[in-house]
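**Student:** this is a predicted model, with the sequence first.
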Amino acid sequence: MSSSRRLARERRTVLAMIRIYCRDHHASRGELCAKCVALWNYCRNRLDKCPFVEEKPTCVKCPIHCYQPAPREQIKAVMRYAGPRMMWRHPVLAIGHLLDSRREVPMEKAQRRKK
């Protein structure tokens, strides 16, 4: 899968998770609340700047934690809640994310990036 298709799917997955969380926790219908829009914009920005591009592991396996502490805690809460619900709401995205979680972490890029 090309990097643009892979990252586009990752963006769709994160947005779907944020939508599930926002709908159930912030009683939003259709549109995201302001707090979730801000989180989505932050996540999208981080994905756009990911140094791994095509070899990108899932964020939980990534050796480079590019999220600041507050948004990191927010997205963890979103993923803990929405993750189990993804299989029912968005099964194709959920399976793609599970397959991505099995990817090996490209260590040579991680080591270069830490220097």
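**Tutor:** That came through fine. For clarity, every value in this text was computed on a predicted model and none was experimentally measured.

**Student:** OK, contacts around the spatially most central residue of the chain?
**Tutor:** Using Cα atoms, centre = their mean, the residue of the chain that lies closest to the mean C-alpha position is residue 14, 4.3 Å off. Residues counted as contacts of residue 14 (Cβ atoms under 8 Å, 6 or more residues apart in numbering) are 40, 43, 44, 47, 75. Every residue, glycine included, has its C-beta placed from N, CA and C.

**Student:** now, which of those sits nearest residue 18?
**Tutor:** Nearest to residue 18 among the contacts of residue 14 is residue 40, at 5.2 Å by Cβ to Cβ.

**Student:** any idea how many residues pack against the closest residue to that closest one other than its chain neighbours?
**Tutor:** Among residues not flanking residue 40 along the chain, residue 18 sits closest, at 5.2 Å (Cβ to Cβ, 6 or more residues apart in numbering). By the criterion of other Cβ atoms under 10 Å, residue 18 has 21 neighbours.

**Student:** taking the mean pLDDT, what do you get for the longest helix anywhere in the chain?
**Tutor:** Longest helix in the chain by number of residues (criterion: DSSP state H): helix 3-25. Averaging pLDDT along helix 3-25 gives 89.

**Student:** now the angle between helix 3-25 and the helix or strand that that helix is followed by, please.
**Tutor:** Counting by DSSP states H and E, the next helix or strand C-terminal to helix 3-25 is helix 34-48. Here helix 34-48 runs at an angle of 160 degrees relative to helix 3-25 (axes from the mean of the first three to the mean of the last three Cα atoms, to 10 degrees).

**Student:** which other helices and strands contact helix 34-48?
**Tutor:** With contacts taken as 3 or more Cβ pairs under 8 Å, 6 or more residues apart in numbering; DSSP states H and E, helix 34-48 sits against helix 3-25, helix 69-89.
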